[in-house]
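A.B. asks: With the sequence up front, the predicted model follows.
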Amino acid sequence: MTLSARHINKRFGNTVALRNVSIELQAGEVHALVGENGAGKSTLLKILAGAEQPDDGSMQLANQRYAPLDTREAEGHGVALVHQEITINPSLTVAENVFIDRLGDFSRHGFLRRKTLERAAQEVLESFDAGISVSSQLDRLDLGEWKCIEIARALSRAPRILFLDEATAFLGHREVDALLKAIHALKERGLSVAFVSHHLSEVTDVADRLTILKDGGNAGDASVADISPAEIHARMVGRDISGHVFPPKAARAPANPVFTAADVTVPGRLEHVRIDVRGGEIVGIAGLKGSGGEALLELAMGLLAPRHGTLALGGDAYAPKAPDAAWRAGVAYVPGDRTGEGLITDFSVLDNLVMAQPPQRLAFFERSKAHQSATELSARLMIKAANPDVACRTLSGGNLQKVVLAKCLHVKPRLLLLNNPTRGVDIGARIEIYRAIRGLADEGVAVLLVSDDLPELIGLSDRLAVMRSGSIEHIFAADEKPDESAVIRFMT
């Protein structure tokens, strides 16, 4: 079943989201959409899936006119979309989330046939090796596992065309491998799969063709076999960026330790962890999901408390009872879930930027000073927003991530905690974020970085610690240059 779109245009107020874009998706083919944040990728998928309506242009599905008014109508035509942001309801079970809007199909005489529901949900989860049991508690699953539940929700409808908007952004290495394997299987069954990804290794692994978008327009269509990653990057950002992704590492020796964990144990999360982060240094943490990196960030942020061992900040004992105490102590945090933990998306860019430390005079909020700070930070991180007063929900994923980082810059931290800071961010925005992070380190800030992206960890970190099962297995010194295989050897 072929889906084609011709000359699609879409505006949001004064912002041109799509400009005369055409695309054709073939049955049994995987089609990647690549481009910078704000290039129009998500908007195009939403239009194809009925979540947005085009201003101009036309679509055809199996040579018939196709103009769904909403996602439900599109699903009736065999078209399903997995959104970029998490849409899990944590008050429901795993199985209920898989069939969240079709629970009536599993009811009889007003009673939910829970066994039937759970059996059906488990079959869908196992169809792409999600590794999740329907008996699992949602609050004990990580974001990657939540994303797998959303993918199962889409697959439960037996679609003929599946759209994945940054579906791998929240997944770990094993989960990404499982999903890419599932995409291969769906392709073999004759499905058409279109997906957005900023990881070109995923594109080259699974896609047959790709469409490059830039500033809302089409910057090229190609067979994946006929175009190099360097050319894809160049068309995305409008310039050659090869060899310029990561800024130079610090040439000077780092200062005294800013943050120290001494023989720290958190039952079930961390075991006898010893690590320090010095001023002017970026320390990376590698490991599979659940290996301890995120737990170490939560510990430093006051979300966990050690049963054994001690923490120190700036040489003094440090035991924050809650995140607000950590922020007051000069510890800033970029969480893994930017919309769930890092931002209030209905608030403006300005309000989010100054939220952790609002400028005040006496008891009054100084809006003019806040506006000045927001303007300066937006310019520093190249946040694409019409002005600081627009709501964050109107921004692309990459710009949302920049707002979270800008909020941290605003408090002038001495310790910066980063959990996958470029998750769902295009290569151009990644370079800007990398430069901002390195710039903070050069100013003397201590940076603790947890990431699922090994090239990011290797390219950005001064020292790199590898964790497994809550313990530190190895630390690569600043003068070592490990490759991915060397890091993975200690992870598994």
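C.D. replies: Thanks, I have it.
A.B. asks: Okay, now the unreliable bits of the protein?
C.D. replies: 238-244 (pLDDT under 70).
A.B. asks: Which residue ranges make up each domain of it?
C.D. replies: 3-237, 243-330+413-492, 346-411 (automatic domain parsing).
A.B. asks: what would the ones you listed look like in TSV with distance to Gly340 and mean neighbour count?
C.D. replies: For the C-beta atoms, the positions are set from N, CA and C on the backbone; glycine is no exception. Putting the domains of the chain into TSV (distance: least, Cβ to Cβ, whole Å; neighbours: other Cβ atoms under 10 Å) gives the following:
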stretch	distance to Gly340	mean neighbour count
domain 3-237	6	18
domain 243-330+413-492	12	19
domain 346-411	11	18
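A.B. asks: Kindly reformat those domains as JSON lines and extend each row with distance to Gly336.
C.D. replies: Formatted as JSON lines, those follow (distance: least, Cβ to Cβ, whole Å):
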{"stretch": "domain 3-237", "distance to Gly336": "6"}
{"stretch": "domain 243-330+413-492", "distance to Gly336": "4"}
{"stretch": "domain 346-411", "distance to Gly336": "11"}
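A.B. asks: Nearest to Asp337, out of these?
C.D. replies: Distance to Asp337, taken as Cβ to Cβ, is lowest for domain 3-237 among those, at 5.9 Å.
A.B. asks: thinking again about what came up before, the domains of the chain: which one's closest to Thr339?
C.D. replies: The nearest among the domains of the chain, by Cβ to Cβ, is domain 3-237 at 5.4 Å.
A.B. asks: Endpoint to endpoint, the closest one covers what distance?
C.D. replies: End-to-end distance of domain 3-237: 28 Å, with Cα to Cα, to the nearest Å as the criterion.
A.B. asks: what kind of secondary structure is the one residue sitting closest to the centre of the chain in?
C.D. replies: By Cα atoms, centre = their mean, the chain has its centre lying nearest to Arg423, at 3.2 Å. Per DSSP: H, G, I helix; E, B strand; the rest coil, the local secondary structure of Arg423 is coil.
A.B. asks: residue contacts, it?
C.D. replies: 169-170, 336, 338, 401, 452 (Cβ atoms under 8 Å, 6 or more residues apart in numbering).
A.B. asks: can you map out the strands along the stretch 301-450 of the chain?
C.D. replies: Taking DSSP state E, counting those that start in this stretch to define them, one finds strands in the stretch 301-450 of the chain at 308-313, 316-317, 331-334, 360-361, 364-365, 415-419, 446-450.
A.B. asks: Turn these into a markdown table, including distance to Met59.
C.D. replies: Converted to a markdown table, those look like this (distance: least, Cβ to Cβ, whole Å):
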| stretch | distance to Met59 |
| --- | --- |
| strand 308-313 | 56 |
| strand 316-317 | 62 |
| strand 331-334 | 38 |
| strand 360-361 | 52 |
| strand 364-365 | 48 |
| strand 415-419 | 38 |
| strand 446-450 | 41 |
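A.B. asks: ok now stretch 344-364, how far from the chain's centre?
C.D. replies: 24 Å (Cα atoms, centre = their mean, to the nearest Å).
A.B. asks: My guess is Gly78 contacts Pro159. True?
C.D. replies: Yes - in this structure, Gly78 is within contact of Pro159 by Cβ atoms under 8 Å, at 5.2 Å.
A.B. asks: Return every residue with contacts to both of these two.
C.D. replies: Common neighbours of Gly78 and Pro159 (Cβ under 8 Å, 6+ apart) do not exist.
A.B. asks: could you pull out the helices for the stretch 101-250 of the chain?
C.D. replies: Secondary structure of the stretch 101-250 of the chain by DSSP state H, counting those that start in this stretch: the helices cover 114-126, 143-155, 173-188, 200-206, 229-237.
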